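1. Return atomic coordinates for the entry below.
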Amino acid sequence: MNRTLAILLVTFIAAPAPAGNAGMQSKRALDIMREVDNKLLTDSQSYDGAIEVIDAKGKRVSKSWQFWREGNRGNSKILVRFLTPAEVRGVGLLTLNHPNRPAEQWLYTPAIQRDRRIAPQEKSQRFMGTDFTHEDMEERSIDDYEYDLIGEESFDGRPAYKIKAVYKDRGNTQYSYLYLWVRQDIPATTYIEFYAGGALCKTLRWDDWRQVQGIWTPLFAEMKDLARNSTTTLRSANVRYNIRFEADWFTLRNLRRRP
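-> All right, here's what the predicted structure looks like:
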């Protein structure tokens with residue numbers, strides 16, 4: 001979720017909305033996000049990811065990983081293991097997401113045969129040279145955010161809702177707030193703007209939507225870091241849902257296994 005930042009300042013002058021109306025907009029926004037979550041509800045998921053990181057000078061670095069998830073937003077287990085290039089083969093990240101409290105994360109480095117827990121102050125650091133941070137690799141519950149429906153605003157030629165989201169646990173996020181564009185036809189979140197200190201810092205876009213086992217699935221994602229002026233793209237293949245894992249799949253023991 002980089003950065004030559006051109007800032008467009010637009011001033012809106014409007015009478016303040018009645019408190020009741022603001023409450024209705026917040027409830028409507030939460031209902032929209034719950035509908036998005038319900039449409040994506042699956043017991044598990046796996047895919048093969050092809051990653052390309054492009055820095056400010058145009059240098060490209062390719063990586064690949066395998067991704068596995070069990071459970072759903074806010075109460076899920078996620079394992080990511082790199083396959084290429086050779087110097088990162090076997091590096092893995094285990095994330096245990098919990099409702100109403102921060103996720104636990106461990107990073108395993110096969111070169112030193114050691115795993116270590118990611119500290120809270122490391123959550124804003126880049127994950128393995130990509131434009132995703134450790135926090136971006138978490139999967140939080142819809143109910144962990146406060147929402148406000150800003151209005152309807154098309155994105156990429158499709159009608160969408162624009163929603164402001166603020167993480168309730170302010171001390172455990174690097175972001176002040178997010179703006180989300182939710183497609184009205186699917187529905188699904190198709191674009192996010194990330195703000196830190198009130199300034200736009202990153203964007204995340206999903207594209208190449210396909211139905212996989214009846215689930216609308218984006219096979220392409222693009223994270224831009226506006227300060228670094230770098231971009232990370234992720235292309236997914238062999239996406240599968242509702243698969244079964246071994247009992248110890250999402251454990252430190254399995255994290256230490258080489259692919």
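2. For residue 27, the count of nearby residues, please.
-> Here the neighbour count serves as a burial measure; for residue 27 (other Cβ atoms under 10 Å) it reads 12. Yep, even glycine has a C-beta here, placed from its N, CA and C like the rest.
3. Could you identify the helix or strand that succeeds the host helix or strand of it?
-> Here residue 27 sits within helix 19-39, counting by DSSP states H and E. Secondary structure here is assigned by DSSP H and E; on that basis, the next helix or strand after helix 19-39 toward the C-terminus is strand 44-54.
4. and that next one, which strands flank it?
-> Using DSSP bridges, strand 44-54 pairs in its sheet with strand 60-72 (antiparallel), strand 230-241 (antiparallel).
5. Including distance to residue 44, mean neighbour count and mean pLDDT, could those go into a markdown table?
-> As requested, the strands paired with strand 44-54 are exported to a markdown table (distance: least, Cβ to Cβ, whole Å; neighbours: other Cβ atoms under 10 Å; pLDDT from 0 to 100):
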| stretch | distance to residue 44 | mean neighbour count | mean pLDDT |
| --- | --- | --- | --- |
| strand 60-72 | 5 | 17 | 97 |
| strand 230-241 | 7 | 17 | 98 |
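6. want to throw those strands into CSV with distance to residue 162?
-> Rendered in CSV, the data for the strands paired with strand 44-54 read as follows (distance: least, Cβ to Cβ, whole Å):
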stretch, distance to residue 162
strand 60-72, 25
strand 230-241, 23
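7. Can you give me the separation between residue 134 and residue 244?
-> As for residue 134, its distance to residue 244 is 28 Å (criterion: Cβ to Cβ, to the nearest Å).
8. more neighbours, the two?
-> Comparing residue 134 with residue 244 by other Cβ under 10 Å, the one with more neighbours is residue 134, at 22 against 9.
9. wait, doesn't the more buried one sit right on residue 105?
-> Yes - the pair residue 134 and residue 105 qualifies as a contact (Cβ atoms under 8 Å) at a distance of 5.9 Å.
10. any common contacting residues for those two?
-> Taking Cβ atoms under 8 Å, 6 or more residues apart in numbering as the contact rule, residue 134 and residue 105 both touch 93, 118, 123.
11. Could you pull up the residues touching residue 60?
-> Contact criterion Cβ under 8 Å, 6+ apart gives 52-54 as the residues in contact with residue 60.
12. hey, what's it bridged with?
-> Beta-bridge partners for residue 60, by DSSP bridges, are residue 54.
13. Name the surrounding residues that touch stretch 189-205.
-> If you take Cβ under 8 Å, 6+ apart as the criterion, stretch 189-205 is touched by 1-3, 5, 7, 36, 131, 155-156, 158, 160, 174-183, 206-207, 218, 221-227.
14. Perfect, that will be all.
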